[in-house]
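Trainee: Sequence plus the predicted model coming up.
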Amino acid sequence: MKFVVNSVKNGGCRLGVMSEFGLHGKKTVDTPMCMLYTRRGSAPHLTADMLKKIQYLPPLAQMSLTNMVEHQETLEAFKEGIGKFANMKDYIVYMALHDPATEVMSGQNDTATVGVWTKSGKVKMDVDMFMRVQEAFKPDIYQALSDGDTDLKAAKKRTNKSVTRTLSYLDQILERLPKSEILKDAALFGVIEGGNSMFERCRSARETGSRNVAGFVIEGFHTQGPKTEFFKMSDIKDILKQTVDCLPDDKPRLMHAALPPDQVLEAIELGLDILDSSYPYLVTERGAALVFNFIHKANPENMNGNKIVQKGWEIDLNDKRYFEDFGPLLEGCSCYTCKNFSRAYINHLRNTSELLGSVLLMIHNFQHYFHYFEAIREALADDKYEQLKTHINRQNLGNNS
């Protein structure tokens with residue numbers, strides 16, 4: 001895999017391009033970008049045909065071992081990889097260790113294994129098992145085995161262990177890779193750990209950056225799951241900036257978290273290139289629709305921040321106030337849901353527990369979130385990022401979180 005940073009703007013925002021992927025050598029990915037979040041290989045609530053109704057879909061789909069490791073034997077027998085098996089063959093597949101929308105249980109890792117929780121319970125995964133699973137799944141990009149069991153309250157001894165273990169796992173993987181014909185073209189992302197310790201973060205970054213990896217996953221600031229919606233990038237601003245300064249510039253940086261619109265901008269300003277779309281999934285799960293407004297070509301008057309149609313990021317479609325609201329989820333939205341259905345109808349679907357309600361919300365929330373990332377890239381390229389940031393922050397004044 002190849003990564004080129006074309007320009008750095010507004011402090012640390014990096015406009016770049018990823019290319020030369022193993023099974024998808026002709027595809028390119030513009031950064032900063034957001035991966036398509038999946039559960040067990042599929043977009044939540046959506047069939048492959050319904051997924052095609054979404055505009056601005058990214059070419060990169062995120063899967064996780066947490067949801068997929070139980071299918072190892074099936075994938076070994078199938079022999080053609082998880083992309084084709086899950087009807088996602090047109091996507092560049094990134095295989096994460098844990099599901100970013102599910103909190104990772106603490107105290108499950110040791111010097112030899114990492115605890116991965118599946119529907120059937122805990123799987124203790126060592127490096128040998130990790131390599132067999134990756135060879136069965138055949139991803140284009142995959143996260144190295146890691147001990148991310150820390151957060152901002154982690155003790156010094158724990159953060160030291162997380163870095164030491166993660167580096168040990170990485171070295172064992174790199175030792176085995178020359179023997180794997182299957183993974184020779186897949187991109188391995190090393191993992192940066194260290195909790196809240198500046199020293200351990202820099203040690204992890206320098207040591208991992210000196211290894212033969214294609215990119216970096218920065219984790220260990222939180223234990224993933226819904227709580228990361230309330231995670232503030234400002235709480236890790238100094239330590240993250242110091243960490244990325246220790247990393248080579250020519251490799252992409254990825255972080256897992258369910259980030260609202262304002263936190264997305266802060267993450268990008270701190271030099272992150274790849275984020276995930278677990279946030280719109282969690283919004284869908286609570287029966288809400290994303291309605292924040294951003295700069296894009298359809299609304300040029302918004303470039304001066306003069307028109308804000310909504311305070312806060314979302315509206316709750318379970319609320320009885322939408323019982324007779326026959327407007328779309330978001331005025332001007334071009335998604336399939338907004339063009340064909342009303343707030344009142346989705347309110348009815350939610351209050352009668354119809355599965356279609358989640359389907360229609362997922363279509364809208366995914367498209368809106370992915371469109372936002374396209375707007376961010378356009379704003380950076382057109383030197384209008386500060387207007388976008390001001391516009392987003394004004395809407396946040398009405399956000400209780």
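Mentor: Sure, I can see it. Numbers count the residues shown, from 1 in each chain.

Trainee: List the buried residues in stretch 279-290.
Mentor: Neighbour counts over stretch 279-290 (16 or more other Cβ atoms under 10 Å) mark 279-285, 287-290 as buried. Bear in mind the C-beta positions are built from the backbone N, C-alpha and C, glycine included.

Trainee: ugh, wrong one, I meant stretch 374-386
Mentor: Neighbour-count burial for stretch 374-386 [16+ other Cβ under 10 Å]: 374-380, 385.

Trainee: if we take the residues you listed, which one ends up nearest to Val93?
Mentor: Closest to Val93 out of the buried residues of stretch 374-386 is Glu374 (21.4 Å), distances taken as Cβ to Cβ.

Trainee: Name the nearest residue to that closest one, ignoring sequence neighbours.
Mentor: Counting by Cβ to Cβ, 6 or more residues apart in numbering, Glu374 lies nearest to Tyr56, which is 5.5 Å off, once chain neighbours are set aside.

Trainee: For Gly305, give me the pLDDT.
Mentor: Predicted confidence (pLDDT) for Gly305: 44.

Trainee: list the helices and strands the top helix by length along the chain packs on?
Mentor: Assignment by DSSP state H gives helix 355-381 as the longest helix of the chain. With contacts taken as 3 or more Cβ pairs under 8 Å, 6 or more residues apart in numbering; DSSP states H and E, helix 355-381 sits against strand 13-19, strand 33-37, helix 261-269, helix 278-285, strand 288-290, helix 336-340, helix 343-351, helix 385-396.

Trainee: Provide a list of residues in contact with the residue nearest to Glu374.
Mentor: Tyr56 makes contact with 367, 370-371, 373-374 under the criterion Cβ atoms under 8 Å, 6 or more residues apart in numbering.

Trainee: What's the separation between the residue nearest the centre of the chain and Lys79?
Mentor: Residue closest to the average C-alpha location in the chain (Cα atoms, centre = their mean): Asp276, at 1.3 Å. Per Cβ to Cβ, to the nearest Å, Asp276 is found 28 Å from Lys79.

Trainee: repeat for Lys320
Mentor: 53 Å.

Trainee: Between these two, which is the more surrounded one?
Mentor: Lys79 (11 against 8; other Cβ atoms under 10 Å).

Trainee: give the contact list for Arg253.
Mentor: 215-216, 218, 244, 247, 271-274.

Trainee: Look up phi and psi at it.
Mentor: phi -120, psi 130 (degrees, to the nearest 10).

Trainee: does it have beta-bridge partners, and which?
Mentor: Phe216 (DSSP bridges).

Trainee: can you list the contacts of Tyr56 in CSV and add distance to Pro44 and pLDDT?
Mentor: Formatted as CSV, the contacts of Tyr56 follow (distance: Cβ to Cβ, whole Å; pLDDT from 0 to 100):
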residue, distance to Pro44, pLDDT
Gln367, 14, 98
Phe370, 14, 98
His371, 18, 97
Phe373, 18, 98
Glu374, 21, 96
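
Trainee: Of these, which is the nearest to Thr150?
Mentor: Nearest to Thr150 among the contacts of Tyr56, with distances taken as Cβ to Cβ, is Phe373, at 28.1 Å.

Trainee: close enough to count as contact, the closest one and Pro32?
Mentor: Yes: with contact defined as Cβ atoms under 8 Å, Phe373 and Pro32 form a contacting pair (6.8 Å).

Trainee: who's more crowded, those two?
Mentor: Neighbours were counted for Phe373 and for Pro32 using other Cβ under 10 Å; Pro32 has more, 24 against 21.

Trainee: which non-adjacent residue is nearest that one?
Mentor: Nearest to Pro32 is Ile268, by Cβ to Cβ, 6+ apart, at 4.7 Å.

Trainee: Now which of the contacts of Arg253 would you call buried?
Mentor: Buried, going by 16+ other Cβ under 10 Å: 215-216, 218, 244, 247, 271-274, out of these.

Trainee: what's the closest of those to Asn351?
Mentor: After measuring those against Asn351 - Cβ to Cβ - the closest member comes out as Ile274, at 37.3 Å.

Trainee: Show me the beta-bridge partners of the closest one.
Mentor: Met33, Leu254.
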